[in-house]
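Enquirer: Just the structure for this:
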Amino acid sequence: AIVQGAQGSSINAPDKVVALLTDFPTQSEPVSGLERGAVTLSERMLRRDVLPPWTAAITKNGALGVMAGYPEVEDVPAHASKKWLNDILRQELGFKGIVVSEGEGFGSLIYEGIVPTQKEAGILALRAGVDLNITYEPAYMGPLIENVKEGRVPIELIDRAVRRVLELKFRLGLFEDPYVDVTHAKQLVHSKEHQQLALEAAREGIVLLKNQGNLLPLRKDVKSLAVIGPNVNSISNLFGDYSPQVVLQHVDTVLDGIKAKVSRATSVVYAKGCAINDQDKSSIERAVQAAQDANVAVVVLGEQSRREGDDAKHLPPPTDGEGYDVASLDLTGVQEDLLRAIQATGTPTVLVLINGRPLSIRWAAEHVPAILEAWQPGERGAEAIADVLFGDYNPSGRLAITIPRSVGQLPAYYSYHPSKAYWINGGWTHTNGYVDMPGTPLYPFGYGRSYTNFHYSNLRIEPSEIHPDGETHVSVDIENSGKQAGVETVQLYLREHFTPVATPVKQLRGFERLQLEPGQKKTVRFTLGAEELKLLARGLCFSRTKAIFCLRCDDWKLFGRCRCQEKFGSKRPESSIWSRSSISSARECRNREQLGRPLNRFLHPAAGASVKSQDNSCRPASAPRRCHLSSRAFTPWTKRRLTQPPVLYVLYANPHPSAAAGLTCAMKWTNSRSDSPPLNR
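Expert: Alright, predicted model coming up:
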């Protein structure tokens, strides 16, 4: 969507620009909390987990700009990696645009110990495929001229980079019409339409993490309200890095937004309580007094964002932003002390978080009745927060990341491997993950609550027999069973069983947002084809697998079953499903066919082979059941016969994660909520 919005169908249009994707192939790996640490992921994980969004943006939507990343990937800095900037980016993904450097990206080749000087760094970057330097560094300009004169850089490499840049400028129409209509630009920037879009984005991004006892939404005629915390009256912290300075003069604070919502008779008392990141507790006592005198306390905590420009000189040091890493995900300073003191007053408390990274709010998740995650909501963020607090907008945001309980769980992501799942659930030690805490995340990927309830039913798959180049359709009915209109995000997850390589416990394969009025029912339909069902097999080849499908409508409490029976086709070896034994190595794979395509005829199901579910209706059961496979599914065959068990796909329609305790009532196909964070099972 971002690429289409920026570039459109023609970048020559006056309102279009080149979409620049950053950072390729990846920015870092969240080990030790370092934003720019080395990437130690295997090529398999990079191809399976990291490359898909790049493929979608470049191959499917034609993005024309890519920025190289800072860290080493497979021990080679991205700015010097011909493999990633040329072989994979241009040859495999079909990229036709320009590659630009990161800010001071050439310097990374020096501090990573690859070359001793900027002069050598420029040579490596140019050879690898970097076309343009976005900041002045002594690696380009003068040193490149010297390198050409000395014969260290072929003029053909210079011509290649220049040609790519000029071609893009011609396509943009910069040579025919290089100037901006300043008057028109002033009319567009910060227009009413843009401000409304900013409000919609802020509203939709807010995630309701907890709402015990339906404390939210608050009444606008509440008698007295205490608004407490260091982010209550901050404008700058509503924004992230690289936000334009000109917007700040038009921005309201959270305090302004709340005052605009409540009735004239409501008493609103503000107390800062503490700063974002210091140890001064002297103001907590006044905040406690304000909470004791109020009917409800709204506590707004979080982080101090990094800012550029003159206003940054007058702001406290940032605690988040590019280049500002932390060793802990806990609230900084004495913010949690403030929160504990407010909660101890007994006044109903709502926690609002304004932050740029996930925070492990373990104590708050257990003790505070209502929690909103607002992130850095931007110029209309204060109004959006107030809309959600007082019920003018029903929250619909879902977590796009996993929020861990502790940094000890990092890296934390939803698509982990079965071995991690085994130990999260106790393994042979039966410790439920860790000795000192559960192994599940605090809030999992895709989690988010609403002020209404949704009822799921009639999960089905059509057709039940899928051919090698065919597709299937998964559908489920969703009804708003509450009393308020709301937006539901239906999420479809895939699980592969019995594969020749370990695969994630679940992978998101589709989602759709539905606006539903009270009592309204709609059907969501997902299509699964070759792209969604492909498997990165041994030898790093993507192949289309034959699969036994088992459907499960699972929001961590909803469980149905399909009885699946495999059908192998003819008894002749030539008609068996397919053999993976012919994949011997990545080298063999690359030599036979280009990566991303089937390796050879052994990777295709033979004629007549099929996998069929004789009963594809997903019916409730009184207890969780598994798909039944006959012993034939595990019979080892030799030569060209089946050498691995057939792949079993489990589909999860994941409306809302909920507590594991709901498993016993799952057979009712309801979506009742729990106030506890879900177990990620």
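Enquirer: Near the closest residue to Leu399 other than its chain neighbours, how many other residues are there?
Expert: Closest residue to Leu399 in three dimensions, ignoring its sequence neighbours and counting by Cβ to Cβ, 6 or more residues apart in numbering: Tyr447, at 4.9 Å. In this view, the C-beta of every residue, glycine as well, is placed from N, C-alpha and C. The number of residues packed around Tyr447, counting by other Cβ atoms under 10 Å, is 27.
Enquirer: correct me, but Pro318 touches Val326?
Expert: No. With contact defined as Cβ atoms under 8 Å, Pro318 does not reach Val326; the gap is 10.6 Å.
Enquirer: just for the stretch 501-650 of the chain, where's the confidence low?
Expert: Low-confidence segments of the stretch 501-650 of the chain (pLDDT under 70): 539, 541-650.
Enquirer: try it again with 90
Expert: 501-510, 528-650 (pLDDT under 90).
Enquirer: hmm, back to that, tell me the pLDDT at the residue nearest to Leu399?
Expert: If you check Tyr447, the pLDDT there is 95.
Enquirer: isn't there a strand covering it?
Expert: No. Applying DSSP: H, G, I helix; E, B strand; the rest coil, one finds Tyr447 to be coil, outside a strand.
Enquirer: Surely it and Lys210 touch.
Expert: No. Using Cβ under 8 Å, Tyr447 is not in contact with Lys210; the gap is 10.4 Å.
Enquirer: Excluding sequence neighbours, find me the nearest residue to Ser396.
Expert: Val487 (3.7 Å).
Enquirer: Touching, the one you found and Glu512? I think so.
Expert: No. The pair Val487 / Glu512 is not scored as a contact, 10.5 Å apart, by Cβ under 8 Å.
Enquirer: Same drill for these two, tell me which one is more crowded.
Expert: The neighbour count for Val487 versus Glu512, taken as other Cβ under 10 Å, is higher for Val487 (19 against 14).
Enquirer: What residues of the one helix or strand the more buried one maps to count as buried?
Expert: Here Val487, judged by DSSP states H and E, is contained in strand 486-497. Under the neighbour-count criterion of 16 or more other Cβ atoms under 10 Å, strand 486-497 has 486-497 buried.
Enquirer: Next, Gly433: phi, psi?
Expert: Note on Gly433: its backbone torsions stand at phi 110, psi -70 [degrees, to the nearest 10].
Enquirer: Ok, Lys210 next?
Expert: Per-residue torsions, Lys210: phi -160, psi 140 (degrees, to the nearest 10).
Enquirer: Just the pLDDT at it, thanks.
Expert: Predicted confidence (pLDDT) for Lys210: 98.
Enquirer: Which residue, other than its chain neighbours, is closest to it?
Expert: Ile371 (4.3 Å).
Enquirer: care to break the protein down by domain?
Expert: Using automatic domain parsing, the domains assigned to the chain come out as 2-172, 192-389, 454-668.
Enquirer: now these in CSV, with distance to Pro418?
Expert: Shown next, in CSV, are the domains of the chain (distance: least, Cβ to Cβ, whole Å):
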stretch, distance to Pro418
domain 2-172, 15
domain 192-389, 24
domain 454-668, 6
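Enquirer: ok, now how distant is Arg164 from Val99?
Expert: To Val99, Arg164 is 8 Å away according to Cβ to Cβ, to the nearest Å.
Enquirer: Between these two, which contacts overlap?
Expert: Listed as contacting both Arg164 and Val99 by Cβ atoms under 8 Å, 6 or more residues apart in numbering are Asp131.
Enquirer: For those two, work out which one has more neighbours and name it.
Expert: Ranked by neighbour count (other Cβ under 10 Å), Arg164 and Val99 place Val99 first, with 24 against 18.
Enquirer: Got the phi and psi for the more buried one?
Expert: Per degrees, to the nearest 10, the backbone of Val99 is at phi -110, psi 130.
Enquirer: Enumerate every residue touching it.
Expert: Under the criterion of Cβ under 8 Å, 6+ apart, the neighbours of Val99 are 24, 66-68, 85, 89, 129-132.
Enquirer: Out of the residues you listed, which comes closest to Trp428?
Expert: Ranked by distance to Trp428 (Cβ to Cβ), these are led by Phe24 at 41.5 Å.
Enquirer: In three-state terms, how would the residue nearest to that closest one when sequence neighbours are not counted be classified?
Expert: Among residues not flanking Phe24 along the chain, Val66 sits closest, at 5.0 Å (Cβ to Cβ, 6+ apart). Put simply, Val66 is strand when judged by three-state DSSP.
Enquirer: just Asn458 next, same as before
Expert: Per three-state DSSP, Asn458 ends up strand.
Enquirer: tell me the pLDDT at the residue lying closest to it once chain neighbours are set aside?
Expert: Take Asn458 and drop its neighbours on the chain: the residue closest to it by Cβ to Cβ, 6+ apart is Asp477, 4.5 Å away. On pLDDT, Asp477 comes in at 92.
Enquirer: Near Asp477, how many residues? Count them for me, please.
Expert: By other Cβ under 10 Å, 15 other residues sit near Asp477.
Enquirer: That one: what's it in contact with?
Expert: Shown in contact with Asp477 (Cβ under 8 Å, 6+ apart): 456-458, 521-524.
Enquirer: want to try CSV for those residues, with distance to Ala382 as columns?
Expert: Formatted as CSV, the contacts of Asp477 follow (distance: Cβ to Cβ, whole Å):
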residue, distance to Ala382
Tyr456, 35
Ser457, 39
Asn458, 42
Lys521, 36
Lys522, 33
Thr523, 38
Val524, 34
